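Novice: Make a model of this:
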Amino acid sequence: QHLFSISTGIDPCSLTFQNSHEFYLFMEMQAEFKWLSYQMTLKHWVLVTEEYDCCLIKKKGQSVIQKNPQALLHVLDDIELKLMSKITKNNY
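Specialist: Prediction:
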C-alpha cells in the first residue's frame, strides 16, 4: 500500500470503504438519488463522489479519507451484480 501511495499519489484507503458507516451512507444515498451505473458518466461519478464526501465529513468529521470515484463505482457494480444474480436465480 505504501508503494502504491508513493507511486500514484493516491491513498489506498480512498479506493475502498473502510467501515460499515461508509457503506451504509453510500446505500442511503444510492436509494435516495437512484444511482444506476449504466446511467452515470465519469463526470457524474466525480460529482456524486464530492457529494458523498461532503455527507461523510458531516457525519464523521474532517478526519475521514475522501473517496476516489472508483470506490463508489466498484461498490455500486458489486451491488448491482449481486442483485442481478439473485433475480436471475429467483433467490430473493
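Novice: got a list of contacts for stretch 43-52?
Specialist: Applying CB atoms under 8 Å, 6 or more residues apart in numbering, the set of residues contacting stretch 43-52 from outside is 25-26, 29, 33, 35, 40, 66-69, 71-73. Heads up, the C-betas are built off the backbone N, CA and C, glycines and all.
Novice: Can I get the buried part of those residues as one ChimeraX selection?
Specialist: A single ChimeraX command selects the buried members of those (16 or more other CB atoms under 10 Å):
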select :25,26,29,35,40,67,68,69,71,72,73
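Novice: how far away is the residue most central in space within the chain from Ile87?
Specialist: Nearest residue to the geometric centre of the chain (CA atoms, centre = their mean): Leu72, 2.1 Å. In this view, Leu72 and Ile87 are 22 Å apart by CB to CB, to the nearest Å.
Novice: Equivalent analysis for Thr8, please.
Specialist: 37 Å.
Novice: Please apply the same query to Leu42.
Specialist: Taken as CB to CB, the span from Leu42 to Ile87 is 27 Å.
Novice: what pLDDT does Ser63 get?
Specialist: pLDDT recorded at Ser63 is 86.
Novice: Which secondary structure state does it sit in?
Specialist: coil (DSSP: H, G, I helix; E, B strand; the rest coil).
Novice: need the helices for this protein, in chain order.
Specialist: 2-8, 20-33, 42-60, 69-88 (DSSP state H).
Novice: Of all those, which one comes closest to Ser14?
Specialist: helix 69-88 (6.5 Å; CB to CB).
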